[in-house]
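>>> task: produce atomic coordinates for the following.
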Amino acid sequence: MIFITDYSTRKPSNQVKELVNDNIRFPQVLVIGPDGEQLGVMSSRDAQVKANSYELDLYCVAPQAKPPVCKILNYSKFRFEQQKKAKFAKKNQHIVEIKEVQLTPQIGVHDLETKVRAATKFLEAGNKVKVGVRYRGRQMTHLEVGEEVMNKFISMVSEISTIEKKPSMDGRWLVAILAPKKK
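The predicted structure follows:
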């Protein structure tokens, strides 16, 4: 059996080509030398020749500018530094999570203190806390009891938190969102 593959029907790759060396196709470019000095406006071909004389690459740093700005640099070293910065930034970012604390209108004092300790841990770790008071059955007729519990909870954690979303009803839930105070 013979398989014939027609490579002409393949789609071109959608990779964005970096504007480096021969990929720069602007008629005129502003060239910055390897030491940061401006070499002036010249054709992209002349700029490429100038970069080759330094044995470095020509990289377009601002293609939207008029005229586009190109810099003479070691492109592989530049790319390595960019990847290193991106990896460092990703490593040091902190993703804020929303932790949830659920209360009931008839919660006991010690249970409330336990929930406050849990919320305090979450807030000190830099996370937001969603506080919810759940109403069941006939508790819906006395919403003020749950509001008192919510206000008491918020006052207990007010030293380390700010109210991001005030308490509001969401179905059978009274919900508020607390954020940690800025240091």
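>>> against which helices or strands is the lengthiest strand in the chain packed?
For the chain, the longest strand by residue count, based on DSSP state E, is strand 161-170. In terms of contacts (3 or more CB pairs under 8 Å, 6 or more residues apart in numbering; DSSP states H and E), strand 161-170 is packed against strand 128-134, helix 143-156, strand 173-180. Quick note: C-beta positions are derived from backbone N, CA and C, even for glycine.
>>> domain ranges for this protein?
Per the record's domain assignment (automatic domain parsing), the chain is made up of the domains 17-75, 98-180.
>>> span of the shortest one from start to end?
Looking back up the chat, that one is domain 17-75. Start to finish, the residues bounding domain 17-75 are 14 Å apart (CA to CA, to the nearest Å).
>>> quick check: mean pLDDT across that domain?
Average pLDDT, domain 17-75: 88.
>>> mind listing residues that contact the helix with the most length in the chain?
The helix that spans the most residues within the chain, counting by DSSP state H, is helix 75-92. Applying CB atoms under 8 Å, 6 or more residues apart in numbering, the set of residues contacting helix 75-92 from outside is Glu18, Val20, Asn21, Leu56, Asp57, Tyr59.
>>> next secondary structure element downstream of that helix?
Remark: after helix 75-92, the chain's next helix or strand is strand 98-103, criterion DSSP states H and E.
>>> buried residues, the very next helix or strand once past that following strand. List them.
Remark: after strand 98-103, the chain's next helix or strand is helix 109-124, criterion DSSP H and E. Under the neighbour-count criterion of 16 or more other CB atoms under 10 Å, helix 109-124 has Leu112, Lys115, Val116, Ala119, Thr120, Phe122, Leu123 buried.
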